[in-house]
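> Got a sequence here, can you build the structure:
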Amino acid sequence: MNLKLSEQLSELEIIKRIVENGEKALYEIIIRRFNPYLYKIGRSYNYNHEDTEDLMQDTYIDAYKNLSKFEGRSDFKTWIVRIMMNNCYRKQEKLSFKNEIMQDVNDQSKPLFTSTSNTGKVVHNRELGNAIEHALSEIPYDYRVTFSLREINGFSVAETADLLNISEANVKVRLNRAKTMLRDKLAQSYSNKELYEFNLIYCDAIVEKVMKKINEL
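Below you'll find the model as predicted:
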């Protein structure tokens, strides 16, 4: 796959060429571009590496089959993450969230991470990354998923609210509680490094599996 082509094409351009011209090979760009996001979503549901890979594969296949239905009214990242989340919901047999009792929201709390992390970066401090991953896996599901969408995957409050079908105020409540829980577990040991690294070896494996199935369709 041409690296420059991968960087230049937008998702809408890729989809148009796949749907209208049958250029299936371009779907590899989509897979490589969104592997880190989908992986972190799956792990935020406490699925292990193997189950997360299976969910990612299912998500890419589902998305491919429905590319012609993507109209670009929402961001593609939001669209494919929603598919991944729906697959996670079905696997857990949990299709909706319980309403939360609203409490005073203070969104001025100190960020857990002191600067915005590029989600494509590799964890340099693996020991610290593992500690954060372990701590995150121990906080309740609703807070864990909210934290993953907002802090790890970089969705805005509005986008996170839309993906979770809750209010923006609830997003802020959950996020603040998640940060508090993580601080309690990590003390001062956190960093603004990427969590749930999905490295090139695993990325290549997912690409190979998904493209094989797509070429069989």
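
> how about the helices in the protein?
3-8, 11-21, 27-44, 49-65, 76-92, 126-137, 141-147, 157-164, 168-186, 200-216 (DSSP state H).

> Name the residues that touch the fourth one?
This means helix 49-65. Applying CB atoms under 8 Å, 6 or more residues apart in numbering, the external contacts of helix 49-65 come out as 27, 30-31, 35, 38-39, 42-43, 47, 79-80, 83-84, 87-88, 91, 202, 205-206, 209-210, 213-214, 217. The C-beta positions use only the backbone N, C-alpha and C, and glycine is treated the same way.

> Check the helices of the chain for me and report the most buried one.
helix 27-44 (a mean of 23; mean count of other CB atoms under 10 Å).

> For that one, what does the pLDDT average out to?
Average pLDDT, helix 27-44: 92.

> and the angle for that helix with helix 49-65?
Counting by axes from the mean of the first three to the mean of the last three CA atoms, to 10 degrees, helix 27-44 points 140 degrees away from the direction of helix 49-65.

> angle of helix 27-44 against helix 200-216?
Using the same axes, to 10 degrees: helix 27-44 against helix 200-216 is 120 degrees.

> Excluding covalently adjacent residues, which one is nearest to the residue nearest the centre of the chain?
Compute the mean C-alpha point of the chain, and by CA atoms, centre = their mean the closest residue is residue 37, 3.3 Å away. Spatial nearest neighbour of residue 37, chain neighbours left out: residue 153 (5.3 Å); criterion: CB to CB, 6 or more residues apart in numbering.

> low-scoring pLDDT stretches of the chain, where are they?
For the chain, applying pLDDT under 70 flags the ranges 1-7, 93-129, 187-197, 199-201.
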